[in-house]
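# Kindly return the folded structure for what I paste below:
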Amino acid sequence: MDEQKKKGDRPKYDYSNLQRWIEDGDTVAVSDVNEAARQRIHFDCGRCRSSWSCPSLTNEQRREVAELWRSVQLFDVQALFRAAGFTFAEAKPTMLHITIVPGKCHKCKRELSDDSEQVVCRCRSLNLNW
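Modelled structure (predicted):
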């Protein structure tokens, strides 16, 4: 009893639903998301062996996300992804595959030969060249 009072009478929390709270806590209602973001796109990276799908972004949103990512404004990137309907589990791998310098691989820093938005480098890393 004295031990509980020392800790400030804080209740013991049940963490069994923690993963569900994390996944559901930052989602946006589907009715609030614009029509372009409702379409999903699938990504595969051979280097990190990850595969995920996420809502597609408009060209303006991609450009804005890339600028924020390159200027290391991570909270703003997360807010933009959340507004577009991404969960944290979808936003994180997407962020990590955006090129740090446009036209260069985010892993090995080689010049990317293709000007498309999704480029797989010789190191097998997926690059989102937005």
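# Which residues are in contact with the most centrally placed residue in the chain?
The C-alpha lying nearest the average C-alpha coordinate of the chain belongs to Ala91 (CA atoms, centre = their mean; 1.6 Å). By CB atoms under 8 Å, 6 or more residues apart in numbering, the contact list for Ala91 reads 54, 77-78, 81-82. Heads up, the C-betas are built off the backbone N, CA and C, glycines and all.
# Okay, and which of these map to helices?
Taking DSSP state H, the ones among those that sit in helices are 77-78, 81-82.
# and which of those residues is nearest Glu111?
Val77 (24.8 Å; CB to CB).
# burial of that closest one, as a residue count?
By the criterion of other CB atoms under 10 Å, Val77 has 22 neighbours.
# distance of the closest residue to it other than its chain neighbours from Leu96?
The shortest distance from Val77 to any non-neighbouring residue, by CB to CB, 6 or more residues apart in numbering, is to Leu68 (4.7 Å). Distance from Leu68 to Leu96, counting by CB to CB, to the nearest Å: 14 Å.
# and if you look at Ala84?
Counting by CB to CB, the gap from Ala84 to Leu96 is 17 Å.
# cool, and Arg49?
13 Å.
# can you check Trp69 too?
For Trp69, the distance to Leu96 - CB to CB - is 9 Å.
# quick one: which of these two has more around it?
Between Trp69 and Leu96, counted using other CB under 10 Å, Trp69 has the larger neighbour count: 22 against 14.
# I figured that one was touching Met95, is that so?
Yes: using CB atoms under 8 Å, Trp69 makes contact with Met95 at a distance of 6.1 Å.
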